[in-house]
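A structural model of the following input is requested.
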Amino acid sequence: MRWSMVCAVAALAVVAGCGDGGRTTSAPSPTAVRRLTVTSEAYADGGSIPRRHTCDGADVSPPLALSGVPAHAATLALLLRDTDAPHGTFTHWLMWDIDPRTRHLSAGERPHGSAEGRNDFGRPGYGGPCPPRRDRPHRYVLTVYAADRRLSLAAGSTASDLLRALSGHTVAMGTLTGRYGRG
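Predicted structure coming up:
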């Protein structure tokens, strides 16, 4: 066998051996999937989250509008995280198995058939922004994922569980970022 052929076979073997065997727990790459649009009548992307949707108010989830969900999506999931939390990213809300035909969620709505996981407050459901007093305003990133299969995670699942279930199954995603500070 010629030396160039041996090198080519070796290179193919290295490439074929690459990958993680489906063990990835990080969020799906935004460049690998289509974009969907997430908006809220409560605040603009990059804007201030109204007190009503925080621990200082009614602590109710904001209304959301979705567009650009692919027709072949089997389910939607969402994740709300504080990226400026003092001890690392803090999960405020996670929900999955939302009907992919959903285009609007009212404030405080949990769609029929969906499930909510355990946030970093240690309970299921929405826990609004609640940064430490006198911290600069924190950024809260709400990400909506469209997946090609239902996720059917166990009760009490965490953000890591959700991201692991979405890995390799995300067909579109979009974000809405808000800010909140407590002066």
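
where do the strands of this protein begin and end?
With strands called from DSSP state E, the chain shows them at 34-35, 37-39, 64-67, 75-82, 90-98, 104-105, 115-116, 138-147, 170-180.

looking at these, which is closest to Ala159?
Evaluated with C-beta to C-beta, these place strand 90-98 nearest to Ala159, the distance being 4.3 Å. Just so you know, the C-beta spots here come from the backbone N, C-alpha and C atoms, and that holds for glycine as well.

show me what the closest one is in contact with.
Strand 90-98 has contacts (C-beta atoms under 8 Å, 6 or more residues apart in numbering) with 61, 75-82, 110-111, 113-121, 125-129, 140, 142, 150-153, 157-159, 162, 165.

how many other residues sit next to the residue lying closest to Asp135 once chain neighbours are set aside?
Take Asp135 and drop its neighbours on the chain: the residue closest to it by C-beta to C-beta, 6 or more residues apart in numbering is Gly181, 6.6 Å away. By the measure other C-beta atoms under 10 Å, the count of residues near Gly181 is 17.

now swap in Pro132 and tell me
For Pro132, the neighbour count with other C-beta under 10 Å is 10.

from Arg118, how far out is the nearest residue to it once chain neighbours are set aside?
Among residues not flanking Pro132 along the chain, Pro86 sits closest, at 6.6 Å (C-beta to C-beta, 6+ apart). Applying C-beta to C-beta, to the nearest Å, the value for Pro86 to Arg118 is 20 Å.

and these two? Which one has more around it.
Neighbours per residue (other C-beta under 10 Å) separate Pro86 from Arg118, with Arg118 holding more: 17 against 10.
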